[in-house]
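Asker: whatever this is, show me its structure:
(chains A, B, C and D)
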Protein chains: 4
Amino acid sequence: MRVGILTGGGDCPGLNAVIRAAAKTLFASGVEVMGFRDGYRGIINKNLMPIDKRAISGLLHRGGTILGTNNRDNPFNFPVKTPEGKTEYCDVSDQLLENMHELKLDNLISIGGDGTLSIAKELVEKGARIVGVPKTIDNDLAATDQTFGFDTAVATATEALDKLHSTAESHHRVMVLEVMGRYAGWIALWSGVAGGADVILIPEIPWSLDSIVEKIEDRQKEGKLFSVIVVAEGTPGPDGERVVRQTIKGSGDPLRLGGVGQVVGSLVEQATGIETRVTVLGHIQRGGSPSPLDRILATRFGVAAAELAMAGRSGLMIALKGTEITAVPLEDATKKISNVTPENQLLQTARATGICFGD
Amino acid sequence: MRVGILTGGGDCPGLNAVIRAAAKTLFASGVEVMGFRDGYRGIINKNLMPIDKRAISGLLHRGGTILGTNNRDNPFNFPVKTPEGKTEYCDVSDQLLENMHELKLDNLISIGGDGTLSIAKELVEKGARIVGVPKTIDNDLAATDQTFGFDTAVATATEALDKLHSTAESHHRVMVLEVMGRYAGWIALWSGVAGGADVILIPEIPWSLDSIVEKIEDRQKEGKLFSVIVVAEGTPGPDGERVVRQTIKGSGDPLRLGGVGQVVGSLVEQATGIETRVTVLGHIQRGGSPSPLDRILATRFGVAAAELAMAGRSGLMIALKGTEITAVPLEDATKKISNVTPENQLLQTARATGICFGD
Amino acid sequence: MRVGILTGGGDCPGLNAVIRAAAKTLFASGVEVMGFRDGYRGIINKNLMPIDKRAISGLLHRGGTILGTNNRDNPFNFPVKTPEGKTEYCDVSDQLLENMHELKLDNLISIGGDGTLSIAKELVEKGARIVGVPKTIDNDLAATDQTFGFDTAVATATEALDKLHSTAESHHRVMVLEVMGRYAGWIALWSGVAGGADVILIPEIPWSLDSIVEKIEDRQKEGKLFSVIVVAEGTPGPDGERVVRQTIKGSGDPLRLGGVGQVVGSLVEQATGIETRVTVLGHIQRGGSPSPLDRILATRFGVAAAELAMAGRSGLMIALKGTEITAVPLEDATKKISNVTPENQLLQTARATGICFGD
Amino acid sequence: MRVGILTGGGDCPGLNAVIRAAAKTLFASGVEVMGFRDGYRGIINKNLMPIDKRAISGLLHRGGTILGTNNRDNPFNFPVKTPEGKTEYCDVSDQLLENMHELKLDNLISIGGDGTLSIAKELVEKGARIVGVPKTIDNDLAATDQTFGFDTAVATATEALDKLHSTAESHHRVMVLEVMGRYAGWIALWSGVAGGADVILIPEIPWSLDSIVEKIEDRQKEGKLFSVIVVAEGTPGPDGERVVRQTIKGSGDPLRLGGVGQVVGSLVEQATGIETRVTVLGHIQRGGSPSPLDRILATRFGVAAAELAMAGRSGLMIALKGTEITAVPLEDATKKISNVTPENQLLQTARATGICFGD
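Answerer: Numbers count the residues shown, from 1 in each chain, chains lettered A, B, ... in the order given. You can find the predicted model right below:
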């Protein structure tokens, strides 16, 4: 028996731990493991990485993925060089399935986010045998209670908040921290509660400057001359419009600058007259050694995926429900995003401790 | 309205976060908060600590408890000095209830472990109004899925394992780490999986030296000349007998030495001839700044306790079920310990990745 | 005897440790300690903070400064509200000296950077008795081998590099990290060596894009498809011109965006075609608990300052030379910045391990 | 040209960083690098590990040593199996030199402590070409101001003290931490100052129980009902006699139990009646990822050793003097241990802040 593994999408602490756990489980039953480099591209190009016991030694606590990843290529719309040197986008999914067949893969463990799993679902519909493992820093998949990498990202953001707190207090400043969370505010909510933020702004809750200013002024009345604000990157501006990052004038470049964190910071500074500093945490949230919890969750996901793969199952995604690992259909997995709702218990807890959400 | 707070039992990261969250919630409704020092003793001796907004500022990330704690005194069997200077043990629970009445306490939030909550239950039976918040590093209360402090303890043990790993590998040694867990092996199981242990010994699973030696020798055959063993302090010896720590000869002292970690270490060294080193992690697991997850869990527990207290509820303990905070009767809370069962999913996951449990 | 203490300038881990050590030393000789809030402004406005044993308890590991700080107000050019409500800038140094006299200060310990110590020097020339303690994250004072806070800032930057490394490797990307260092490249050089950077750009060394691109391409030839670049914020652009941060169009705000890190990132991406991500570490480098080394250095500085103050010395600044604490005249202290010279041993070490400095 | 590398003695964070830096420097000049496994034993048995660019990739932040180490075998007294299966100890140094010659080694970089460097000196006297790199967690070599690994060990001990502090305070306890330092008290002194210890006991200063008890009682009078004591493992008992660790009765085993930390703990508990807890930090101090400072120091040592080796130098050891790397004769290197003297500035600083040394 032979099972393939690939990782797709953005970086996330715990990917290597999933690979290690799946491989260990497969080895224990004498199953051969074949790694593909850089996501589905590795199958299309037959770019293999041999996975043996030595390859997975020492992987548990290492960030990143030894298989490499890729968050652009889609086999249904894949960049192919024409003989003239131009790039055309073609559907190479048949080629991918043929390669899987040729390589005698009995099953494929596909670890990735929304994009990677949607492709997995389409491939399964075309006849491929795939088990999915969900991966998202943002923890915004409705089909699983938690994803690995999220706890590490929250820890990184919380550590940053701890550091900003002392400076805010010493300098009587407002410190703004922009954290990840394109569609859902989970990292902002969790790290904001853990890091003692005074204001948390998330995509799910429209905010007004007045509400933030009121909170800051209330604190000043109590003798607290500083405030800390956490903003999820996907939070719209005060007008409800999405904030598009600016580019450096004249450089025509795609590097993203000044997102919503900067917008919030400048509005607050103008409105309150208090010196304000903005930090955009960025990719630091995606890297580094996974937290113990993420290593455990990733290990559980990896073992469960290997067991399903060995059992010949397909079209399923591993998920955490409460304290138990289970599996859900891939199509459910990618259908619904999990958002912070008004009824969310942690949101209500945060409100109870006095955190302002700008509403 | 006036609500009291006390902390009892051993130290645990997150106690201050519970106090802070409960107080913030109570303040928001204009409720007065009264802290008692060193557990129930603080009520008996009317040793109060005023809790105002300033007292709880900066508490979220601080280890320990500003209220002090106490893991010996029981109001039903309380040490009282006689006029002759001797110590007698008396039931002072009536006095305690009278003091609560006199201090015009509408409710009491009692944060503690098995002992503290059992006393709470008895006091409630005598007419006191108390809401309990569970606290145990060992995470062994059946009534709640998780307790704050556990994630931090697991992180401390995992970090120690990461450090021991590199030395084990460089020196071709067996490293034994003894972690907390008197009756249940949760810390050993979680940190062992997160830290990549080769062998995990817990109170719930009888072990034989042969099984451990076989695992170590299997590793050697694969070229891995080192092994890492995690042992929960409550694990019995190979004969199934409890290992009592030795005392220093001639000192007649109560300091605990050489527990089961030492026993395992010396047996393994004798049997394999491989140099073995033992580390007893001890109280380091109970201290320090709580992890983000523990800060969040403690904050949720604190808010929920305050809300129950304000609602005039009593005889309940806060608990986590799945992803939701709920409340259970105090009597359920202390009745059953949660142990690692053969069916436990994480145990099975650990076995699937090749971890040996000595059986 | 009575000694005052103040902290000025930007935040820096270890300020509280200096205050604690100085106060403990002064208390041991029965000297009274008077804290001033928010730098020299605290003396001008007689804004005192009583410093007793309780005030300094638990301070050693806390970031920030309990005295508050201020990096704008200069007593020789101090903002004063006129009766009409306008702000005028006046020389209030005579008032400051008078207040010191009135408060019966025998000496003042002034902890701060270039600005704070320059003011101290001028006040000493006017007759004040002041001992200076140098504070700069950037470690760019020629008069001392090291300043507290630097080791912590280097640790924060190194940890960020460790995290970016795994993502860079998994995604085959170039990751750019902009760190502090306005005039000197010490943080970039130290963290770059500690974090395994491939390219380090500092204010002292003019760089060309070609040199960086060559380094990245050399790495690709060796199969290393990723690179990590550290840039000090004060590094000029490729034309040798200072890079002024852009502001968000239309917001008229003073928040700084897109500095030299962004410039380097976009140029590299354009030149190599490799996806590039930029992280600006910002104020996180100034906050948080000081590293053990910084706690020790801050403690040594605090004790030495207290001893000089008690000995009636003035016009001196504490300094580290090799492994010994010593004192230098305040005027030397602020005269010369320490820069990374071509002869610097660590720079040469970095070059020997293959790190590219863009030249 | 061909240069060998080996690592000997106990584990120490930074060994891999030395190997990496030396190899990178040698590769840059086209020199071939040959690694030997497990110290001198690797030369005697011709147990080689090929060192190429790939082998040293990702090594900078990894604890331990990829070459393996060995702190028992001495080529001048080497265990050899006789044909009858017995072990005899023989001088195999001629064989070692012959192997070096046969393998065409132009020079050898020997990284290790007192023992490893003493052997290096003797081998140099017999004609070998060796450059030494000092390695000691204890930082007790007089010939260098600091050794790599020490900063990491101090950080680990300081972190443990931070954790014990909160528990000590919450429980009104005395917490004793036993740290490494067989002959010199540097780790205890540095971590004690950084971790805010109340009492520090080191091998260099005889102590009396009375002095410790007085300190603890003075603190109680100030309302501080807890104390933290750091003890270096090599500190003699109160009678000036070396404390030999006890063994578990009946097990006849060589595992060390109850050292001086336990002795101090039980004496203090008996004398003061305050509950006391002892933690022996053990091997955790030797493992883990090196701190940024240690990575830098190790890198500087590695580059300097490679440069000397390429220059054909021999009989020298790399050393840090002030802020500069230099080299000293190997014979000086191993002659003198560096101890904490009464004049030591940090000792005096510690005393000034009120720390008690038991004298």
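Asker: the residue nearest the centre of chain A and chain B, how far apart?
Answerer: Taking CA atoms, centre = their mean, the centroid of chain A lies closest to residue A:137, which sits 2.2 Å from it. Here the criterion is CB to the nearest CB, to the nearest Å. By it, residue A:137 lies 15 Å from chain B. Any C-beta I mention is one placed from the backbone N, CA and C, and that applies to glycine too.
Asker: right, and that residue touches residue A:154 too?
Answerer: No. Applying CB atoms under 8 Å as the test, residue A:137 and residue A:154 come out as separate, 9.6 Å apart.
Asker: need the overlap of contacts for those two.
Answerer: residue A:187 (CB atoms under 8 Å, 6 or more residues apart in numbering or on different chains).
Asker: and the strand or helix carrying residue A:271, what's buried?
Answerer: For residue A:271, the enclosing helix or strand under DSSP states H and E is helix A:260-272. For helix A:260-272, the neighbour count (16 or more other CB atoms under 10 Å in any protein chain shown) marks A:260-269, A:272 as buried.
Asker: got the residues of the stretch 101-250 of chain A near chain B?
Answerer: By CB under 8 Å from any CB of the partner chain, the residues of the stretch 101-250 of chain A that approach chain B are A:145, A:151, A:154-155, A:158, A:162, A:190-191, A:193-196, A:222, A:224.
Asker: for residue A:110, give the beta-bridge partners.
Answerer: residue A:6, residue A:132 (DSSP bridges).
Asker: for it, give me its contacts.
Answerer: A:6, A:8, A:116-117, A:119-120, A:130-133.
Asker: mind redoing it with 7 Å?
Answerer: A:6, A:8, A:116, A:120, A:130, A:132 (CB atoms under 7 Å, 6 or more residues apart in numbering or on different chains).
Asker: what strand or helix carries the residue nearest to residue A:129 when sequence neighbours are not counted?
Answerer: Nearest residue to residue A:129, sequence neighbours excluded (CB to CB, 6 or more residues apart in numbering or on different chains): residue A:314, at 4.2 Å. Residue A:314 is part of no helix or strand when elements are defined by DSSP H and E.
Asker: check the gap between residue A:314 and chain D for me.
Answerer: 35 Å.
Asker: give me the neighbour count for that residue.
Answerer: 19 (other CB atoms under 10 Å in any protein chain shown).
Asker: now stretch A:138-153 - C-alpha only, PDB.
Answerer: Once non-C-alpha atoms are left out, stretch A:138-153 reads as follows in PDB (Å, rounded to 0.1, in the frame of the first residue of the first chain):
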ATOM      1  CA  ASP A 138      -7.400  32.100  11.200                       C
ATOM      2  CA  ASN A 139      -9.300  29.100  12.700                       C
ATOM      3  CA  ASP A 140     -12.300  30.100  10.500                       C
ATOM      4  CA  LEU A 141     -13.500  26.700   9.300                       C
ATOM      5  CA  ALA A 142     -17.000  26.000  10.500                       C
ATOM      6  CA  ALA A 143     -16.500  22.200  10.200                       C
ATOM      7  CA  THR A 144     -13.900  21.900  12.900                       C
ATOM      8  CA  ASP A 145     -13.800  23.500  16.400                       C
ATOM      9  CA  GLN A 146     -10.100  24.300  16.100                       C
ATOM     10  CA  THR A 147      -7.200  24.000  13.700                       C
ATOM     11  CA  PHE A 148      -3.600  23.600  14.500                       C
ATOM     12  CA  GLY A 149      -1.500  26.700  14.200                       C
ATOM     13  CA  PHE A 150      -4.200  28.900  15.700                       C
ATOM     14  CA  ASP A 151      -2.900  28.400  19.300                       C
ATOM     15  CA  THR A 152       0.600  29.400  18.200                       C
ATOM     16  CA  ALA A 153      -0.600  32.400  16.300                       C
END
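Asker: and that stretch, what's buried?
Answerer: A:138-153.
Asker: out of these, which are close to chain D?
Answerer: Among the buried residues of stretch A:138-153, no residue sits close to chain D (CB under 7 Å from any CB of the partner chain).
Asker: and these, which of them are in helices?
Answerer: A:150-153 (DSSP state H).
Asker: what sits against the residue nearest to the centre of chain A?
Answerer: A:10, A:12, A:149-150, A:153, A:180, A:285-286.
Asker: where does pLDDT dip in the stretch 51-200 of chain A?
Answerer: Flagging of the stretch 51-200 of chain A using pLDDT under 70 yields an empty set of residue ranges.
Asker: list the contacts of the closest residue to chain B within it.
Answerer: For the stretch 51-200 of chain A, the residue closest to chain B is residue A:194, as judged by CB to the nearest CB, at 3.7 Å. Contact analysis of residue A:194 by CB under 7 Å, 6+ apart lists A:154, A:158, B:292, B:295-296.
Asker: pull the most distant pair out of the residues you listed.
Answerer: A:154 and B:295 (10.1 Å; CB to CB).
Asker: distance of the residue of the stretch 201-350 of chain A found nearest chain D from chain B?
Answerer: Using CB to the nearest CB, the single residue of the stretch 201-350 of chain A nearest to chain D is residue A:289, 9.0 Å away. From residue A:289 over to chain B the distance is 8 Å, taken as CB to the nearest CB.
Asker: residue contacts, that residue?
Answerer: Contact partners of residue A:289, counting by CB under 7 Å, 6+ apart, are A:13, A:61-63.
Asker: that one: helix or strand, and which one exactly?
Answerer: Going by DSSP H and E, residue A:289 is not part of any helix or strand.
Asker: got the confidence number for it?
Answerer: We have a pLDDT of 95 for residue A:289.
Asker: the one 3 residues further on too?
Answerer: In the prediction, the pLDDT value recorded for residue A:292 is 98.
Asker: the one 10 residues further on too?
Answerer: On pLDDT, residue A:302 comes in at 98.
Asker: tell me the SS of it?
Answerer: helix (DSSP: H, G, I helix; E, B strand; the rest coil).
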